[in-house]
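Asks: only geometry, no sequence info:
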């Protein structure tokens with residue numbers, strides 16, 4: 001990059017200042033990551049728009065990298081975003097950073113220049129191809145309340161029955177004989193529970209039953225769209241029930257109507273969001289959502305006629321997902337149980353069945369030829385699910 005271009009980007013681009021990040025921390029921006037050095041203070045020359053920032057703490061004694069945590073941030077032109085490292089939680093946070101602090105840093109940005117790494121523009125086109133349908137409004141809908149996307153599920157334990165009984169408060173100071181009887185029964189129950197809890201477990205099942213009940217912390221949940229469990233309309237005929245059990249068009253229409261009625265292309269943004277959370281954020285649940293949405297799109301035959309523009313863009317989205325991911329990644333994960341090949345095979349079959357020779361049909365079948373040539377995937381043979389079962393009568 002020449003000096004003139006660098007100067008323009010420095011003044012027009014956004015800046016992210018990261019204070020007190022420990023040396024050795026893995027720090028990433030979009031499609032690139034680095035190991036933070038002793039002088040690292042953030043990233044400069046960030047192109048305006050939505051980006052994914054992520055990091056992993058490092059245990060110097062064991063030389064181990066911790067779980068990955070990330071967040072999507074919408075950077076405005078010339079904006080300055082400030083975060084500070086919390087050594088206890090091992091995360092970047094806004095806590096303790098005032099508007100005056102941000103203004104002071106912004107006024108002295110030139111003094112920080114030598115401590116800021118330039119945004120990796122060599123990967124910017126890749127990032128845009130992976131995120132171009134993600135909007136600020138969609139981020140507000142999908143991101144957890146905490147704004148943190150963690151590779152490890154954030155679990156909390158619920159209070160046990162015994163503990164909840166101890167926390168129970170009695171109302172009033174005067175007890176009737178019935179109240180006293182209930183109190184005595186409660187005490188006996190608590191004594192019995194304590195005996196059972198202190199007794200040695202007699203089996204694995206017994207031991208597991210004594211573990212605290214864990215649930216996902218609400219503020220850490222990604223707010224993905226719900227995939228309808230019922231794939232066919234209520235009160236439909238047996239023929240329609242059979243049809244929509246194979247054709248996911250009703251499920252797709254339900255998702256669009258419930259979540260993206262005003263802008264159907266936002267479902268593509270959710271597909272991109274889920275893929276980034278899995279590929280870069282290392283969130284397994286996001287991979288499941290990505291698979292589910294891709295499956296709904298690929299198996300919606302009737303919807304091809306009504307949402308041609310949506311499916312044209314879907315082909316581009318899935319094309320870049322495949323193109324920008326290491327080949328062995330697909331072999332090891334995405335091709336497990338032939339998910340991707342069998343799902344895309346249904347999609348290409350639906351396109352071939354279209355009566356008109358539309359742009360959608362032409363582009364889809366051209367995409368099929370590209371995948372066949374690049375990955376040697378076979379979309380012509382019958383999937384195992386539809387193959388006849390061979391019965392041995394001997």
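Replies: That came in fine, so what should we check first? Quick caveat: nothing in here was measured; it's all calculated off a predicted structure.

Asks: Three-state assignment for residue 92, please.
Replies: Recorded secondary structure, residue 92: strand (DSSP: H, G, I helix; E, B strand; the rest coil).

Asks: Surely residue 291 touches residue 339?
Replies: Yes. Look at residue 291 against residue 339 with CB atoms under 8 Å: they come within range, at 6.3 Å. All C-beta atoms are positioned from the backbone trio N, CA, C, and that covers glycine.

Asks: Just want to know which of these two has more residues nearby.
Replies: The residue with more neighbours, out of residue 291 and residue 339, is residue 291; 17 against 14, by other CB atoms under 10 Å.

Asks: what about the helix or strand hosting that one, average pLDDT?
Replies: Per DSSP states H and E, residue 291 falls inside helix 284-298. Helix 284-298 comes out with an average pLDDT of 95.

Asks: so where do the helices sit in the stretch 151-300 of the chain?
Replies: Using DSSP state H, counting those that start in this stretch, the helices of the stretch 151-300 of the chain run over 161-167, 177-198, 204-209, 238-246, 249-259, 266-279, 284-298.

Asks: any residues touching the fourth one, and which ones?
Replies: Contacts of helix 238-246 from elsewhere in the structure, counted by CB atoms under 8 Å, 6 or more residues apart in numbering, are 231, 232, 233, 236, 250, 251, 299.

Asks: at 10 Å what do you get?
Replies: Residues outside helix 238-246 that contact it (CB atoms under 10 Å, 6 or more residues apart in numbering): 230-233, 236-237, 247, 249-251, 299-302, 346.

Asks: Which two among the residues you listed are spaced furthest apart?
Replies: 237 and 346 (23.5 Å; CB to CB).

Asks: These two: which has the busier surroundings?
Replies: residue 346 (21 against 10).

Asks: right, and the more buried one touches residue 301 too?
Replies: Yes. If you go by CB atoms under 10 Å, residue 346 and residue 301 touch, sitting 8.5 Å apart.

Asks: Which neighbours do those two have in common?
Replies: 246, 247, 248.

Asks: hmm, which of the residues you listed are the buried ones?
Replies: By neighbour count, with 16 or more other CB atoms under 10 Å, these hold 247, 248 as buried.

Asks: now, which of the shared contacts of residue 346 and residue 301 sits nearest residue 283?
Replies: The closest of those, once distances to residue 283 are taken by CB to CB, is residue 248, at 24.0 Å.

Asks: Distance from stretch 224-235 to the middle of the chain?
Replies: 21 Å (CA atoms, centre = their mean, to the nearest Å).

Asks: got the buried residues for that stretch?
Replies: Under 16+ other CB under 10 Å, the buried positions of stretch 224-235 are 224, 225, 227, 228, 231, 232.

Asks: hmm, back to that, reformat the shared contacts of residue 346 and residue 301 as CSV; add pLDDT.
Replies: Shown next, in CSV, are the shared contacts of residue 346 and residue 301 (pLDDT from 0 to 100):
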residue, pLDDT
246, 90
247, 90
248, 94
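
Asks: Between the shared contacts of residue 346 and residue 301, which sits nearest residue 357?
Replies: Using CB to CB, these come closest to residue 357 at residue 247, 21.4 Å.

Asks: shaky segments in the stretch 201-350 of the chain?
Replies: 201-214, 327-338 (pLDDT under 70).

Asks: I'd like the shared contacts of residue 346 and residue 301 as TSV, with distance to residue 318 appended.
Replies: TSV is the format used below for the shared contacts of residue 346 and residue 301 (distance: CB to CB, whole Å):
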residue	distance to residue 318
246	21
247	19
248	16
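
Asks: Report how many residues lie close to residue 88.
Replies: If you count neighbours by other CB under 10 Å, residue 88 ends up with 5.

Asks: What are the buried residues along the very next helix or strand once past the helix holding residue 291?
Replies: Tracing the chain C-terminally past helix 284-298 and defining elements by DSSP H and E, one meets helix 303-306 next. Within helix 303-306, the residues that count as buried by 16+ other CB under 10 Å are 303, 304.

Asks: from the chain's centre, how far out does helix 303-306 sit?
Replies: So, by CA atoms, centre = their mean, the centroid of helix 303-306 is 27 Å from its chain's centroid.

Asks: Mind giving me the packing neighbours of it?
Replies: Other elements packing on helix 303-306 under the criterion 3 or more CB pairs under 10 Å, 6 or more residues apart in numbering; DSSP states H and E are helix 249-259, helix 284-298, helix 308-323, helix 339-352, helix 359-375.
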